[in-house]
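K.L.:
Structure of the sequence below:
(4 chains)
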Protein chains: 2
Amino acid sequence: MGRWEPNAQGRLAQAALELYVERGFDRTTVAEIAARAGLTERTFFRYFTDKREVLFGGSGELEAVLVDTVAAAPASGSPIRMVADALAAAGARIGQRREFSQQRQRAISANVDLQERELIKLAAMATSLADALRRRGIDDPVAGLAAETGVAAFKIAFERWITAAEDEGLERVIRETFDQLAAVTAPTARRRSR
Amino acid sequence: MGRWEPNAQGRLAQAALELYVERGFDRTTVAEIAARAGLTERTFFRYFTDKREVLFGGSGELEAVLVDTVAAAPASGSPIRMVADALAAAGARIGQRREFSQQRQRAISANVDLQERELIKLAAMATSLADALRRRGIDDPVAGLAAETGVAAFKIAFERWITAAEDEGLERVIRETFDQLAAVTAPTARRRSR
DNA sequence: AAGCTTGATGTCAGTTACTGACATCAAATG
DNA sequence: CATTTGATGTCAGTAACTGACATCAAGCTT
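P.N.:
Numbering: from 1, shown residues only, chains lettered A, B, ... in the order given. All right, here's what the predicted structure looks like:
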């Protein structure tokens, strides 16, 4: 048996999520999180750069999925197709833990600081996607546009998935949302009801 | 002559921008900003909710422009068209102060906390746009998608405008970017090089 | 004009996120 | 067995932000 309980980082993340849901992000102190995990405040800050980051541990892996998927995509696909596939692959990962995602999102929705952090994680995903596209020979502005609009679609899809009465499968929702995207951004041809 | 120098809020905002550019956001204390404006730290926090907000004073007006433009848009246009027009109108405002925007963006680019704040302002714009669209009878998911992808396009346009060698006119860049958007998100027809 | 009210500002004390420097101590290592 | 290492703790400090109360010129009332 080791000197300390195992998985300090995981215990901290778990304790933080519980407390953020129980009493809200700003009525939770880092000292409380650490105490619930059987550790001290100082140790919390060795694992997480700040009080918000504790909810965003998986974002590095997700970015890797995006980048790898784009890197491995067939060259025959359009940029937006590559982006859609990458985000669907990421969605397949996230989609496996809907219960957790819902709890986490409940905490985030209740606090602006956490929303800011979520947004910058999504922005980082967009940046990684755009870089990956450029490595596939796709120039700006297409690379940037495909990445940013793709992430925009992902946001919409994620929200629909998380608030739905039952689990429709995040990957599937993402694909449906990308189908709708094409119709929405098409030039003003239809609907010209003159 | 009044008891105090006029325009305390403006002086604080000016001093903050200067200091953020001169030595960076996190090497600037609120006390320093206040001192440069001839005020105290406490007064700073009466005008701005936090140290970041001081760079985002205009965001309320911008949202109003977006909402008003969508509300007044001809019913014959598509949702994405309404969004494009609204963002172009907002762009016309911002576009008049390129020098200021560049300085401000230099400060933001150098600091993650400021980037987070900027992202949530953009997200708020998207939310307002979506709400305005719904008031025009456009349902989800179209309203949400048009708003989010529109703001995504705006981001790309703004970045191009701000980094360009010379001022091409933000409104014009926005319109060009929306034109490219349709091509990017179109289904995989072209480019099918099999 | 004397007195009262108001509103912008200042002062001060307190909480909490976060950081750097140093201490501890069981386990791994040689 | 002595040494090193790595995860944790302790402690002191900075700075963002908040609440409570004080100040005082300008304007209003009578």
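
K.L.:
Could you list the contact residues of chain A toward DNA strand D?
P.N.:
Within chain A, the positions near DNA strand D by Cβ under 7 Å from any atom of the strand are A:3-4, A:8, A:34, A:38-43, A:46-47. Any C-beta I mention is one placed from the backbone N, CA and C, and that applies to glycine too.

K.L.:
Quick check: the farthest pair among the residues you listed?
P.N.:
Greatest spatial distance in the residues of chain A next to DNA strand D: A:3 and A:41, 20.0 Å, computed using Cβ to Cβ.

K.L.:
of the two, who's got more company?
P.N.:
Between residue A:3 and residue A:41, counting by other Cβ atoms under 10 Å in any protein chain shown, residue A:41 is the more crowded of the two (13 against 4).

K.L.:
Would you agree the more buried one is in contact with residue A:30?
P.N.:
Yes: in terms of Cβ atoms under 8 Å, residue A:41 counts as a neighbour of residue A:30; the distance is 5.1 Å.

K.L.:
which intervals of chain A have sub-threshold pLDDT?
P.N.:
Segments of chain A classed as low confidence (criterion: pLDDT under 70) are A:1, A:188-194.

K.L.:
Name the single longest helix found in it.
P.N.:
Taking residue count as the measure and DSSP state H as the definition, the longest helix of chain A comes out as helix A:112-135.

K.L.:
Quick check: buried residues in the following helix or strand past that one?
P.N.:
Downstream of helix A:112-135, the first helix or strand assigned by DSSP states H and E is helix A:142-163. Using 16 or more other Cβ atoms under 10 Å in any protein chain shown as the burial criterion, the residues of helix A:142-163 that qualify are A:142-162.

K.L.:
export helix A:142-163 as CSV, just CAs?
P.N.:
Below are the C-alpha coordinates for helix A:142-163, written out as CSV (Å, rounded to 0.1, in the frame of the first residue of the first chain):
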residue,chain,number,x,y,z
VAL,A,142,-11.2,28.0,-46.0
ALA,A,143,-9.3,26.3,-43.3
GLY,A,144,-10.3,28.9,-40.6
LEU,A,145,-13.9,29.1,-41.8
ALA,A,146,-14.4,25.3,-41.9
ALA,A,147,-12.9,24.9,-38.5
GLU,A,148,-14.8,27.8,-36.8
THR,A,149,-18.2,27.0,-38.4
GLY,A,150,-17.6,23.3,-37.6
VAL,A,151,-17.1,24.0,-34.0
ALA,A,152,-20.2,26.3,-34.1
ALA,A,153,-22.2,23.4,-35.4
PHE,A,154,-20.7,21.2,-32.7
LYS,A,155,-21.9,23.6,-30.0
ILE,A,156,-25.4,23.4,-31.3
ALA,A,157,-25.3,19.7,-31.6
PHE,A,158,-23.9,19.2,-28.1
GLU,A,159,-26.5,21.4,-26.5
ARG,A,160,-29.3,19.5,-28.3
TRP,A,161,-27.8,16.2,-27.2
ILE,A,162,-27.3,17.2,-23.6
THR,A,163,-30.8,18.6,-23.1
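
K.L.:
packing partners for that helix?
P.N.:
Helices and strands touching helix A:142-163, by 3 or more Cβ pairs under 8 Å, 6 or more residues apart in numbering or on different chains; DSSP states H and E, are helix A:79-94, helix A:98-109, helix A:112-135, helix A:170-185, helix B:142-163, helix B:170-185.

K.L.:
Quick one: closest of those to residue B:53.
P.N.:
Distances from residue B:53 to each of the helices and strands packed on helix A:142-163 were compared by Cβ to Cβ, and the smallest falls on helix A:112-135, at 11.4 Å.

K.L.:
what residues go with each domain of chain A?
P.N.:
Following automatic domain parsing, chain A resolves into domains at A:8-53, A:58-183.

K.L.:
Between the two ends of the last one, how far is it?
P.N.:
By that I understand domain A:58-183. End-to-end distance for domain A:58-183, by Cα to Cα, to the nearest Å: 32 Å.

K.L.:
near DNA strand C at all, it?
P.N.:
No: Domain A:58-183 lies apart from DNA strand C when judged by Cβ under 7 Å from any atom of the strand; the minimum separation is 8.7 Å.

K.L.:
what distance separates that domain from the centre of its chain?
P.N.:
Centroid separation for domain A:58-183 versus its chain: 7 Å, with Cα atoms, centre = their mean, to the nearest Å.

K.L.:
Then stretch A:28-44?
P.N.:
25 Å.

K.L.:
in that stretch, what's buried?
P.N.:
A:28, A:30, A:33-34, A:36-37, A:39, A:43-44.

K.L.:
outside of stretch A:10-28, which residues touch it?
P.N.:
Judged by Cβ atoms under 8 Å, 6 or more residues apart in numbering or on different chains, the contacts made with stretch A:10-28 from elsewhere in the structure are A:5, A:32-34, A:36-39, A:43-44, A:47-48, A:51-52, A:54-55, A:57, A:103-104, A:106-107, A:110-111, A:113-114.

K.L.:
in it, what's buried?
P.N.:
In terms of neighbour count (16+ other Cβ under 10 Å), stretch A:10-28 has its buried residues at A:11-13, A:15-20, A:25, A:28.
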